[in-house]
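*Asks:* below are the sequence and a predicted model; questions follow.
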Amino acid sequence: MQNEKIIYSDEDHKCIVFSFDNEEVNESFLAVNQYLIVHKNSAILIDPGSEAVYDEVYDAVCKYIDIKNLQYIFYSHQDPDVAGSIAKWSVSCGAKQIVSKQWVRFMSHYGLMNFNRIIPLDDKGATIHFGEHYLQFIPAHFLHSPGNFSLYDSYSKTLFSGDIGASITFEYGARAEDVKFEDIKDSLEGFHKRYMAGNRFCKAWVKEVRKYDIETMAPQHGSTLKGDNYRQFLSWFENLECGGDLIESIY
Ligand SMILES: [Fe+2]
Ligand SMILES: [Fe+2]
């Protein structure tokens, strides 16, 4: 089912999360969050997801904007739950599609044939103007994908963190309100220990995001974390042993 929540709103600017889960098959369906930022007459869609949710995401986006005003679609990385619908979006709207340069050619295997509207991101990231404010693409490589970015929206002070901060549980998602870090810590641990490449990458990312004034972290799975709970997550994540740090346990 689709859940929908506005996580930031004023006269000019809105951030909306669309969250899909399937209660009938909650053991096998991975619940995902898609985000839309609308600023006056333009919008960016973040991690639109797979073909399985495309129709519902398209309808949800059209509730908030005229599709011709969808200026950008951003893919934090290449995974199917993030980018599987890229070919469908490329024909249903005129948005520019932003993705790491590491993954551009792989998109042809999702059926993308026309690369004219792809904006490939260099490893160091980029800044784009969005209204009077800006969007910053922050390197998040190897967390978990080798070509991976978080997106900071300076207007709403929201960090769209992709799989970083993802809590893989059925209970949370767009339905959850004001989740505390301590309440989801256990559900963060298994995913981050296995899917994140190693502590040096965690530390590098935390150092980078601490440069920005962030009030809300919005991951691609699970719940948003605000204020102190976001900062507690950073402290936990920068000290987490994961991936290559734990190689003996998997070989
Ligand atoms: Fe992923
Ligand atoms: Fe994911």
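*Replies:* Sure thing, it's come through. Ligands and ions are numbered 1, 2, ... in the order given.
*Asks:* and the residue in the stretch 101-250 of the chain that ligand 1 sits nearest to, what is it in contact with?
*Replies:* Proximity of the stretch 101-250 of the chain to ligand 1 (CB to the ion) peaks at Asp163, 4.4 Å away. (Glycine included, C-beta is placed from N, CA and C.) Asp163 makes contact with Ser76, His77, Asp79, Leu143, His144, Ser145, Asn148, Phe191, Tyr195, Pro219, Gln220, His221, according to CB atoms under 8 Å, 6 or more residues apart in numbering.
*Asks:* could you list which of those belong to helices?
*Replies:* Phe191, Tyr195 (DSSP state H).
*Asks:* so which of the contacts of Asp163 also contact ligand 2?
*Replies:* The subset of the contacts of Asp163 within reach of ligand 2, by CB under 5 Å from the ion, is Gln220.
*Asks:* mind listing which of the contacts of Asp163 are in strands?
*Replies:* Using DSSP state E, the subset of the contacts of Asp163 located in strands is Pro219.
*Asks:* give me the lowest-pLDDT entry from the contacts of Asp163.
*Replies:* Lowest pLDDT among those: His221, with 92.
*Asks:* got the residues of the stretch 1-150 of the chain near ligand 2?
*Replies:* Applying CB under 5 Å from the ion, one finds that the stretch 1-150 of the chain approaches ligand 2 through Asp81.
*Asks:* residue of the stretch 1-150 of the chain nearest ligand 1, please.
*Replies:* With CB to the ion, the shortest gap between the stretch 1-150 of the chain and ligand 1 falls at Asp79, namely 3.6 Å.
*Asks:* pLDDT score assigned to the residue of the stretch 101-250 of the chain closest to ligand 1?
*Replies:* With respect to pLDDT, Asp163 scores 97.
*Asks:* Ile168 now?
*Replies:* Residue-level pLDDT assigned to Ile168 equals 75.
*Asks:* what about it, which SS state?
*Replies:* Assigned with DSSP: H, G, I helix; E, B strand; the rest coil, Ile168 falls in the coil class.
*Asks:* go ahead and confirm it touches His221.
*Replies:* Yes - contact between Ile168 and His221 holds when scored by CB atoms under 8 Å: they sit 5.7 Å apart.
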